[in-house]
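Student: For reference, the sequence and a predicted model appear below.
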Amino acid sequence: MRYITVPKTIDAMKKLDCDNNLDGDLDELILDDTDFHKIFSTGIFNDINLALNILIDDYEDEKIIGKEKLKRTKIIIENYFIKNSKINIIEKFLILIESAIKYDTGIYFYF
């Protein structure tokens, strides 16, 4: 299983580093192998990686923090959602990035 996680508060973001979060601290998307390969094969993570100079990849942990980076990521996800609206997992990813922007925290990838 792979996780995309958004802490709901700054405190939850700090607790995430120590794996001390309580129920309700996080919004999470859990990807099974099928969902992961479906979203990964779109190229969305490659475009995010290039835009932000990060490495979201299989067997890697990564995070995106900061409003500007989150907003740039949202634009990329929106473009992929328009092209791939039948891939439900992209819509869920978009909802998570919107939550990260709203909470002013970040989005974490545990692949």
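Tutor: Nice, I can see it.

Student: okay, CA-based contacts and neighbour counts for the rest of this
Tutor: Noted.

Student: Any chance you could list what contacts the helix or strand of the chain with the lowest mean pLDDT?
Tutor: Least confident helix or strand, the chain: helix 10-18 with a mean of 90, by mean pLDDT, DSSP states H and E. Contact with helix 10-18 is made by 7, 21, 25-26, 104-106, as judged by Cα atoms under 8 Å, 6 or more residues apart in numbering.

Student: Name the nearest residue to residue 91, ignoring sequence neighbours.
Tutor: residue 81 (6.5 Å; Cα to Cα, 6 or more residues apart in numbering).

Student: Same question for residue 46.
Tutor: Once flanking residues are discounted, residue 46 sits nearest to residue 56: 7.6 Å by Cα to Cα, 6+ apart.

Student: how many neighbours does residue 74 have?
Tutor: Residue neighbour count, defined by other Cα atoms under 10 Å, stands at 21 for residue 74.

Student: Number the residues from 31 up from this point.
Tutor: Sure thing, new numbering starts at 31, so read that last one as residue 104.

Student: if I pick it, what's in contact with it?
Tutor: 124, 127-128.

Student: Show the pLDDT at it.
Tutor: Residue 104 carries a pLDDT score of 98 in this model.

Student: again with the one 10 residues further on
Tutor: Predicted confidence (pLDDT) at residue 114: the value is 79.

Student: In which helix or strand does the closest residue to it other than its chain neighbours reside?
Tutor: Among residues not flanking residue 114 along the chain, residue 120 sits closest, at 7.7 Å (Cα to Cα, 6+ apart). Applying DSSP states H and E as the criterion places residue 120 in helix 118-133.

Student: contact partners of that helix?
Tutor: For helix 118-133, contacts defined as Cα under 8 Å, 6+ apart pick out 35-39, 57-59, 65, 69, 97, 100-101, 103-104, 107-108, 110-111, 114-115, 136-137.

Student: which ones among those are found in strands?
Tutor: Residues of these located in strands (DSSP state E): 35-37, 57-59, 136-137.

Student: farthest-separated two in the residues you listed?
Tutor: 59 and 136 (13.9 Å; Cα to Cα).
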